[in-house]
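In: quick one, fold the following:
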Amino acid sequence: MSEDSTLLPVANSPQMNFTQMHERLRLELLRRVQRGTVSVSLLARQTGIGQPHLSNFLHGPRQLSLQAMDRILAAQILTAGDLLPAASRLALATTLGGDRSVPVVSHATALFEPFVREAAVQTVLHVPDKLLHSLQTRANNRRLSWQRFVAVRIEAADALPMEPFVMPEAIALIDRHYTSLKPYHPNRPNLFAVKDGAHLTLRFVEFIRGQLVLRPNNIACAAELLVVDPNGTAHDLIVGRVALVLNEL
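Out: Numbers count the residues shown, from 1 in each chain. Sure thing, here's the model as predicted:
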């Protein structure tokens with residue numbers, strides 16, 4: 001990663017500076033460690049950087065040199081562009097004819113990735129910018145640091161409990177800055193994207209006696225219960241409010 005080539009898009013982008021890039025690399029490595037795709041010892045072997053140095057980088061204030069970042073990017077098959085917000089790479093934050101492009105991503109990306117990498121974008125969904133600006137936020141500060149809007153495609157098996165509200169191959173627009181169980185509209189239940197293990201599911205949600213009750217729309221399907229971790233909160237299981245469902249015609 002030379003200062004006169006790979007890093008130029010970062011330097012020229014108003015969306016991210018070098019400090020932010022450093023932080024995005026740290027978050028991406030932490031995500032990979034948490035998901036078990038890499039360990040600190042493996043990363044040390046891949047890069048020749050000492051384990052204590054890497055641990056201090058991941059969990060403390062230690063900074064990396066540009067050369068060390070180069071080695072990590074190469075070892076993890078990442079580019080500087082992968083660390084840019086998708087909005088910078090795909091102009092997702094710009095309006096085209098009054099519309100904004102929201103990334104359509106895998107369920108895993110919607111669940112676990114605070115920032116959508118360019119490589120994770122399957123396609124884009126054009127949504128009226130006025131609609132997105134009108135949506136309210138209600139989430140904790142940690143979630144508010146995530147990229148806000150993502151969209152996912154809902155396969156037949158996942159759509160069945162919510163039919164006919166959600167049909168097979170529908171696209172659901174998720175607002176990851178709304179994780180509160182407070183009704184968004186009075187007298188109307190919130191439809192949430194919920195984390196059920198490593199799976200994303202769409203349900204109407206209530207919180208009762210330490211459990212999330214996942215209620216289907218299809219009366220032929222049963223409600224489900226998710227136990228909230230005693231060390232966490234119900235918000236940890238909520239990916240975001242489903243703000244829009246687009247069913248195929």
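In: which residues does Asp196 contact?
Out: Shown in contact with Asp196 (CB atoms under 8 Å, 6 or more residues apart in numbering): Leu214, Glu224, Leu226, Leu237. Every C-beta, even on glycine, is put in place using the N, C-alpha and C of the backbone.
In: at 10 Å what do you get?
Out: Applying CB atoms under 10 Å, 6 or more residues apart in numbering to Asp196 gives the contacts Leu111, Arg203, Leu212, Leu214, Glu224, Leu226, Leu237.
In: now, these that are in strands?
Out: Under the assignment DSSP state E, these contribute Arg203, Leu212, Leu214, Glu224, Leu226 to strands.
In: what sits closest to the last one if chain neighbours are left out?
Out: On the basis of CB to CB, 6 or more residues apart in numbering, the spatially nearest residue to Leu226 that is not a chain neighbour turns out to be Leu212, at 4.2 Å.
In: wait, the one you found touches Asp229, no?
Out: No: between Leu212 and Asp229 there is no contact under CB atoms under 10 Å: 11.1 Å.
In: joint contacts of these two?
Out: Leu237.
In: with neighbour numbers in mind, choose between the two.
Out: Set Leu212 next to Asp229 and count neighbours by other CB atoms under 10 Å: Leu212 wins out with 22 against 11.
In: now that one: how far from Phe192?
Out: Using CB to CB, to the nearest Å, Leu212 is found at 9 Å from Phe192.
In: identify the contacts common to those two.
Out: Shared contacts of Leu212 and Phe192, defined by CB under 10 Å, 6+ apart, comprise Leu181, Arg203, Val205, Leu237, Ile238.
In: which of these sit farthest apart?
Out: Spatial extent of the shared contacts of Leu212 and Phe192 (CB to CB) is set by the pair Leu181 and Arg203 at 12.4 Å.
In: ok, those two, which is more surrounded?
Out: A count of neighbours by other CB under 10 Å puts Arg203 above the other of Leu181 and Arg203, at 26 against 15.
In: which neighbours do Leu181 and Arg203 share?
Out: Residues within reach of Leu181 and of Arg203 at once, by CB under 10 Å, 6+ apart, are Pro189, Asn190, Phe192, Leu212.
In: give the bridge partners for the last one, please.
Out: Here Leu212 sits in beta bridges with Phe207, Leu226, going by DSSP bridges.
In: which pLDDT value goes with it?
Out: According to the prediction, Leu212 has pLDDT 85.
In: and Gly197, how far is that from Ile174?
Out: The value you get for Gly197 to Ile174, if CB to CB is used, is 18 Å.
In: higher neighbour count, these two?
Out: When neighbours are counted by other CB under 10 Å, Gly197 and Ile174 differ, and Ile174 comes out ahead with 25 against 8.
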